[in-house]
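# just need the structure, nothing else, for what follows:
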Amino acid sequence: MPSSSPSIQQKPQLPSLPILWKGIVICGLVLFLFYTLLYHHPNNDNDLFVPFIAQKWPVSSPNNVTSSPTNLSHIMFVLVGCIRTWKYRRPYIEAWWRENKTRGNIWLDVAPTQELLPWPSSSPPFRVNEDIKKLKIYPKLVNAVQVRIYRSVLETFRLEDNKDVRWFVMADDDSLFFLDNLVEVLGKYDHTKYYYIGTNSECIKSNYDFSFDMGFGGAGYALSYALVEALASTIDECIERYPHLSLSDYLSSSCSADLGGDLIIEKGIHQIDLRGDISGLLSSHPKSPLITLHHFDAIAPIFPSMKRTEAVNHLMKPAKLDQSRLLQQTICYLRQSNWTFSISWGYSAHIYESIFPRSILRRPLETFRPWKEDRPPLFMFNTRRPSNDPCKAPHVFSLEGVLDRDEGSSSHGDIITTYSRSLQRNLPACSSNGNHSADPIVKIQVFSSSTGRKEAGRIECCDVDYVAGKDIANVKLRACMKSEVLA
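Alright, predicted model coming up:
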């Protein structure tokens with residue numbers, strides 16, 4: 001018999017260390033390629049793992065994170081006035097307030113007198129501020145009236161009418177708002193984060209006297225819901241921290257800053273810390289949407305031969321048709337005459353008997369004076385000094401009327417604004433540019449689209465249609481061509 005040999009049981013051999021590392025690297029590469037293709041393929045519709053990743057590492061949006069765009073109902077106005085001035089300033093608010101559409105209140109120092117009652121529905125509902133004498137810090141306050149004004153935002157929040165509110169907008173009773181533009185601008189920001197949006201004064205001295213980091217309340221400023229919610233529990237504590245501050249706007253800036261809310265400047269908000277004729281400023285508005293104007297009682301009427309409230313209502317006529325273009329500067333040329341047309345839509349039109357580039361004409365003509373006389377530099381922006389040089393002085397035309405063509409018209413889709421000569425220039429023609437005088441022109445008609453809002457932050461261009469010697473010039477606004485140079 002053959003001898004049987006015992007069976008030998010072999011132990012499983014573990015892979016060597018180099019082989020093990022190779023396997024790990026290969027598995028890692030496979031997983032990397034899998035996830036890269038899954039999440040970055042342009043046609044990928046597989047969201048199997050997205051909910052898990054989003055739950056673990058949520059990504060925050062820099063702008064509005066809500067699903068619905070901001071609209072007027074999301075804004076709560078906190079308007080502040082007093083009985084002494086209300087009947088004079090009421091027309092300014094009623095020029096822009098939309099009955100049953102805008103939300104908010106006008107906060108007064110005392111209850112209205114009988115001569116102000118019954119309270120009109122065309123005005124914001126009134127509220128009377130709390131008696132701040134009850135505050136324990138009251139004896140130490142430098143300016144109790146300004147504390148009353150600032151606490152209006154707290155009192156508004158405590159009314160508990162905050163359903164769907166995203167923004168609280170503070171302003172004076174003589175502030176003029178352009179609501180469509182306000183909605184568009186606030187829609188850029190996330191109301192669930194701390195935002196404090198406003199503007200400085202136009203005058204360097206005013207900012208120096210108070211703060212360059214402060215939103216001036218006459219111009220109006222917006223506080224996000226998240227910031228107001230945080231302020232509501234800390235305002236009185238903040239007032240105790242700053243009893244020496246004599247301005248409600250400075251108090252608001254300080255309290256917001258202590259929570260991490262620093263001022264963001266929007267150039268369409270205007271304090272108008274100016275005196276006299278501000279037509280030079282309004283005729284060279286920045287390309288930001290116009291949001292507010294202020295201090296109408298401290299300046300000349302913005303249209304010649306009109307009272308202040310009449311002039312404000314005149315400006316609101318084009319505003320009701322197209323706020324996106326209001327005061328937006330558009331520049332074009334009539335080359336054969338060496339003329340430059342500068343249109344401030346809905347407000348004014350200028351003709352220069354020279355070719356000027358946009359870099360020059362975007363600077364306002366200094367037709368105004370500073371809020372307080374001081375040594376130069378006076379303003380927070382560059383200006384042009386008025387001149388009697390016929391090659392530099394403009395022919396000035398002011399808004400006469402506005403027409404939205406009906407559907408049956410051959411010009412369907414156009415808004416026509418008409419500008420008539422304000423004053424005779426009483427200067428000779430510009431001899432160095434061919435003696436082409438613009439004196440015969442008495443009216444300028446500007447045609448713009450009524451089919452949609454102008455894109456914020458972009459300028460428009462235009463074309464001029466004019467026959468020499470005629471008294472009317474036509475200007476057609478259009479989109480700028482690629483690489484079109486305004487010079």
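
# skip the chain neighbours and tell me the closest residue to S253.
M214 (4.0 Å; CB to CB, 6 or more residues apart in numbering). C-beta coordinates here come from the backbone N, C-alpha and C atoms, glycine included.

# what is the mean pLDDT for the helix or strand where A473 lies?
A473 belongs to strand 472-478 when assigned by DSSP states H and E. In this model, strand 472-478 has a mean pLDDT of 97.

# parallel or antiparallel, list what pairs with it.
Strand pairing for strand 472-478, determined by DSSP bridges: strand 443-449 (parallel), strand 461-465 (antiparallel).

# would you point to the one among those that's packed deepest?
Ranked by mean neighbour count, those are led by strand 443-449 with a mean of 21 (mean count of other CB atoms under 10 Å).

# list the contacts for F341?
F341 sits next to I331, C332, Y333, L334, A349, H350, I351, I444, C462, V464, A473, V475 when contact means CB atoms under 8 Å, 6 or more residues apart in numbering.

# quick check: phi and psi at the closest residue to it other than its chain neighbours.
Spatial nearest neighbour of F341, excluding adjacent residues (CB to CB, 6+ apart): C332 at 5.3 Å. Main-chain torsions, C332, degrees, to the nearest 10: phi -150, psi 180.

# do you know the pLDDT at C332?
The score at C332 is 97. That number is its pLDDT.

# list the buried residues of stretch 287-304.
By neighbour count with 16 or more other CB atoms under 10 Å, stretch 287-304 contains the buried residues 288-296, 299-303.

# re earlier: just the buried residues from the contacts of F341, in PyMOL please.
Listed next is the PyMOL selection for buried residues among the contacts of F341, using 16+ other CB under 10 Å:
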select buried, resi 331+332+333+334+349+350+351+444+462+464+473+475
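
# which residue ranges of the stretch 51-200 of the chain form strands?
Under the criterion DSSP state E, counting those that start in this stretch, strands of the stretch 51-200 of the chain are mapped to 75-80, 103-108, 126-128, 167-172, 176-177, 196-198.

# please apply the same query to the stretch 301-450 of the chain.
Counting by DSSP E, counting those that start in this stretch, the stretch 301-450 of the chain has strands at residues 329-334, 339-344, 348-352, 368-370, 395-404, 414-421, 443-449.

# so which of those strands comes closest to S152?
For S152, the closest of the strands of the stretch 301-450 of the chain is strand 368-370, at 29.1 Å, according to CB to CB.

# strands paired with the closest one, and their directions?
strand 274-276 (antiparallel).

# give the next helix or strand downstream of the strand it pairs with.
Note on strand 274-276: by DSSP H and E, the next helix or strand toward the C-terminus is helix 279-282.

# distance from that following helix to the middle of the chain?
Per CA atoms, centre = their mean, to the nearest Å, the displacement of helix 279-282 from the mean C-alpha position of its chain is 17 Å.

# mind giving me the packing neighbours of the following helix or strand past it?
Once helix 279-282 ends, the next helix or strand along the chain (criterion: DSSP H and E) is strand 292-293. Counting by 3 or more CB pairs under 8 Å, 6 or more residues apart in numbering; DSSP states H and E, the packing neighbours recorded for strand 292-293 are strand 176-177.

# which neighbouring elements make contact with the strand it packs on?
Using 3+ CB pairs under 8 Å, 6+ apart, strand 176-177 is in contact with strand 292-293.

# the strand it packs on pairs with which strands, parallel or anti?
Here strand 292-293 is paired, per DSSP bridges, with strand 176-177 (antiparallel).

# give me the number of residues near the residue lying closest to A171 once chain neighbours are set aside?
Spatially, and ignoring its direct neighbours in sequence, A171 is nearest to G220 (3.8 Å; CB to CB, 6+ apart). By other CB atoms under 10 Å, the residues close to G220 number 29.

# any idea how far G220 is from W96?
G220 sits 11 Å away from W96, going by CB to CB, to the nearest Å.

# overlap in contacts, these two.
Between them, G220 and W96 share the contacting residues F177, judged by CB under 8 Å, 6+ apart.
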